[in-house]
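Engineer: prediction below, plus the sequence it came from.
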Amino acid sequence: MLADYHIHVLSHGEYKYEYDWLGLFVDKAREQNLGGIGFSEHDELRHLIDFDLVEQIRDENPDIEIKMGLEIDYIPGREEEIRSITAEHDWDYLIGSVHFINGWAFDHPDHRDLFAAQDLDEIYCNYFKLLQQAVETRYFDIVGHLDLIKIWGHKPEKKTLLQYAQPVLEAIKDAGMAVEVNTNGLRKPVREIYPAREIIAAMKAMDINILLSSDAHHPNQVGKGFEEAVSLVRQIGYRDLAHFYQREITTKRI
């Protein structure tokens, strides 16, 4: 069964939890032949979630499994805050992501020029160290867009991408976490799925669970790029995808 677990109904705060708006996400999932979706807002917007409305939508659409997750930004020093967030609701899953390196919002278009002013290998090293710290907290169930640092097309020069990612993969395996295969990279300048093929292949060799996500910020992005993602993971050897319910993981056939 295919499911899209990374959907931002609120986007970055431009939209609201309204009946018709949520219905568009469900309708798009059905159009894309998905069996499930997961709403996973950015943690700073979680107070805008209408859980009662989600429950209503769930009851009215029994053919679509609707889960409630959260994407949490890992920043060193937030550990106590994150622990508190995890206890606020019976989340089905928590996505841990890194969007900031020492306060630098590296994936924001307004700040992409800073890549040219720094050593690319140092940037990659710092990013993956932060991601490893996030994994080692064991607060999360899913690693979000594992190699997001490549978003603008910059690649490391002294080591391969996999060499930087390998320690993180080992930490993920130890923690029993899953990794999302996130198609949003296809819509970014890098024009690649997150994570890269070689990383997904290494994850398969390590028997790390995966799931699919679009990182949708609008209904028309739900399930976008899944045909390419399914083809990729099948070529690598995956036949099952991870699914979550109240932070318990199961697997189902693709």
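Structural biologist: Arrived safely, thanks for sending.
Engineer: the closest residue to residue 42 other than its chain neighbours and residue 120, how far apart?
Structural biologist: Leaving aside its chain neighbours, residue 42 sits nearest to residue 71 (5.5 Å; criterion: CB to CB, 6 or more residues apart in numbering). C-beta here means a position set from N, CA and C on the backbone, and glycine is covered the same way. Noted for residue 71: a distance of 26 Å to residue 120, by CB to CB, to the nearest Å.
Engineer: ok, those two, which is more surrounded?
Structural biologist: The residue with more neighbours, out of residue 71 and residue 120, is residue 71; 26 against 15, by other CB atoms under 10 Å.
Engineer: for that one, what are its contacts?
Structural biologist: Contacts for residue 71 (CB atoms under 8 Å, 6 or more residues apart in numbering) come out as 6, 8, 40, 41, 42, 43, 95, 97, 144.
Engineer: for the fourth one, what are its contacts?
Structural biologist: With contact taken as CB under 8 Å, 6+ apart, residue 41 is in contact with 8, 9, 10, 48, 49, 70, 71.
Engineer: and of those residues, the nearest to residue 209?
Structural biologist: Minimum distance to residue 209 across the contacts of residue 41 is 18.0 Å, recorded for residue 71 (CB to CB).
Engineer: got the phi and psi for the closest one?
Structural biologist: With angles defined as degrees, to the nearest 10, residue 71 sits at phi -100, psi 120.
Engineer: dig out what it forms beta bridges with.
Structural biologist: residue 42, residue 95 (DSSP bridges).
Engineer: hey, where'd the strands end up in the stretch 1-150 of the chain?
Structural biologist: For the stretch 1-150 of the chain, applying DSSP state E, counting those that start in this stretch gives strands covering 3-7, 36-42, 65-73, 93-97, 142-143.
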